[in-house]
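Trainee: Sequence and predicted structure are below.
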Amino acid sequence: MTAAWSAERVRRPVVALGGIAVLYLAGLLTGCGNESRPTPTEEKAAAVPVLTWERVRREPFPRTAFTQGLLLRAGKLWLSTGQYGESTVQEIDLASGEVLQRLDLPETVFGEGLAMLGDTLYQLTWQNQICYLYQAQPLKLTGRFSYEGEGWGLASNGQELAMSNGSAQIAMRDPETFEVTRRLSVRGPSGTVTRLNELEFVGGLLLANVWHQDRVVVIDSDNGRVLAELDFRALTEEAVGPRAGERVLNGLAWDAAGQQLWVAGKEWPWIYAVRVDWGELAARGSGLPVVAPDGQ
């Protein structure tokens, strides 16, 4: 389908995104020098290592953005935001937080996860069962796919698209057709891990944040086994305080050049770069993830 939307190049911050309380009451929303020391989190299995990390950088972020999807390409952030009447896809300058390109979704659409292959962006919707396709430069809508169920997180490993729907299932999809090619059931030592939301690939590892927690699970993308976890409670508390409400962790973007992970959340004023100590994974035979998706 050929789309007729046009992108807007802007020099202004993102408009305020309201309606959080109403949507929360109506139903569950999706998602979508600090140094970490492992602390207990919900449903944590002691057999899974909790990786340590160090904060290395902090940059301004559109504080009204209800972040649902995040990725980094060529030094620029791409962001998908949610909320009915406020959903967007945006290109953002990492150093300044300035919005370089922006396209608003229809008022009846709730934006969700975001992925990129080549110059094509893929943006999920929560309950509209639509995946929008965009040309990145210049930003414009080029088509759409349909799917069944809810859309939460989306990520690309350069060949496939991984999609979450709030359950323990990850659907691997063909980027040319959006058909499901295989499914992963994500399991830790204590059983399935549900409420998987925002996704990001780091080499052969798939990272997924658990909705309404500060926890990110590190998944073997071949079999769905949880290999480790990351606890980003310290970042949430610095960004929005101990009572985050809906301003939860919900943005992961891997920077292969810098070997660091960018972490953001809903309505966070900052985005953080952290350097993860992957040693525990290397010791378990998983290897240090250094390969970037899409040849980044």
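Mentor: Alright, I've got the coordinates.
Trainee: quick one: low-confidence parts of the stretch 101-250 of the chain?
Mentor: Segments of the stretch 101-250 of the chain classed as low confidence (criterion: pLDDT under 70) are 243-244.
Trainee: Just give me the residue closest to the centre of the chain.
Mentor: Among the residues of the chain, the one closest to the centroid is Glu198, at 3.5 Å (CA atoms, centre = their mean).
Trainee: ok, now which ones touch that residue?
Mentor: Contacts here follow CB atoms under 8 Å, 6 or more residues apart in numbering; on that basis Glu198 touches 31-32, 68-70, 113, 152-153, 164, 208-209, 250-252. C-betas here are computed from N, CA, C, even on glycine.
Trainee: swap in Pro60?
Mentor: Counted by CB under 8 Å, 6+ apart, Pro60 has contacts 96-97, 269-271.
Trainee: Write down the beta-bridge partners of it, one by one.
Mentor: Note on Pro60: beta-bridge partners by DSSP bridges are Trp270.
Trainee: what's the distance between it and Thr192?
Mentor: When distance is defined by CB to CB, to the nearest Å, Pro60 is 38 Å away from Thr192.
Trainee: same check, this time on Tyr147
Mentor: 22 Å.
Trainee: more crowded one of those two?
Mentor: When neighbours are counted by other CB atoms under 10 Å, Tyr147 comes out ahead of the other of Tyr147 and Thr192, with 19 against 14.
Trainee: now the more buried one, nearest residue through space, not along the chain?
Mentor: Across the structure, with CB to CB, 6 or more residues apart in numbering as the measure, the residue nearest Tyr147 apart from its sequence neighbours is Gln129 (5.7 Å).
Trainee: Kindly tell me how buried the one you found is, as a neighbour count.
Mentor: Burial measure for Gln129: 14 neighbouring residues, criterion other CB under 10 Å.
Trainee: One more: the one 5 residues further on?
Mentor: Other residues near Tyr134 number 25, with proximity taken as other CB under 10 Å.
Trainee: give me the beta-bridge partners of it?
Mentor: In this entry, Tyr134 is beta-bridged to Leu121, Leu141, by DSSP bridges.
Trainee: give the contact list for it.
Mentor: Residues in contact with Tyr134, defined by CB under 8 Å, 6+ apart, are 89, 103, 120-121, 123, 140-142.
Trainee: can you pick the most crowded of these?
Mentor: When neighbours are counted by other CB under 10 Å, Gln123 leads the contacts of Tyr134 with 29 neighbours.
Trainee: So that residue: helix, strand or coil?
Mentor: Here Gln123 is recorded as strand under DSSP: H, G, I helix; E, B strand; the rest coil.
Trainee: Surely it and Ser80 touch.
Mentor: Yes. Gln123 sits in contact with Ser80 when judged by CB atoms under 8 Å, with a separation of 5.3 Å.
Trainee: on that earlier part again, which one among the contacts of Pro60 gets closest to Ala239?
Mentor: Closest to Ala239 out of the contacts of Pro60 is Trp270 (5.5 Å), distances taken as CB to CB.
Trainee: ok, now how distant is the closest one from Trp262?
Mentor: 11 Å.
Trainee: And those two? Which one has more around it.
Mentor: With neighbours defined as other CB under 10 Å, Trp270 and Trp262 compare such that Trp262 has more, 23 against 18.
Trainee: quick one: which helix or strand includes the nearest residue to that one once chain neighbours are set aside?
Mentor: With CB to CB, 6+ apart as the criterion, Trp262 has its nearest non-adjacent residue at 4.2 Å, and that residue is Ala253. Assigned by DSSP states H and E, Ala253 belongs to strand 249-255.
Trainee: Now do the strands in the stretch 151-296 of the chain.
Mentor: With DSSP state E, counting those that start in this stretch applied, the stretch 151-296 of the chain shows strands at 154-156, 161-164, 169-173, 180-185, 187-188, 191-192, 196-202, 205-210, 215-220, 226-231, 249-255, 260-265, 270-276, listed in chain order.
Trainee: how far off strand 260-265 does the last one point, in degrees?
Mentor: Going by axes from the mean of the first three to the mean of the last three CA atoms, to 10 degrees, strand 270-276 is angled at 140 degrees with respect to strand 260-265.
Trainee: count of residues packed around Asp277?
Mentor: Using other CB under 10 Å: Asp277 sits among 12 other residues.
Trainee: how much space between the nearest residue to it once chain neighbours are set aside and Asp220?
Mentor: When the adjacent residues along the chain are set aside, Asp277 lies closest to Thr52, with 4.8 Å between them (CB to CB, 6+ apart). Separation of Thr52 from Asp220 (CB to CB): 20 Å.
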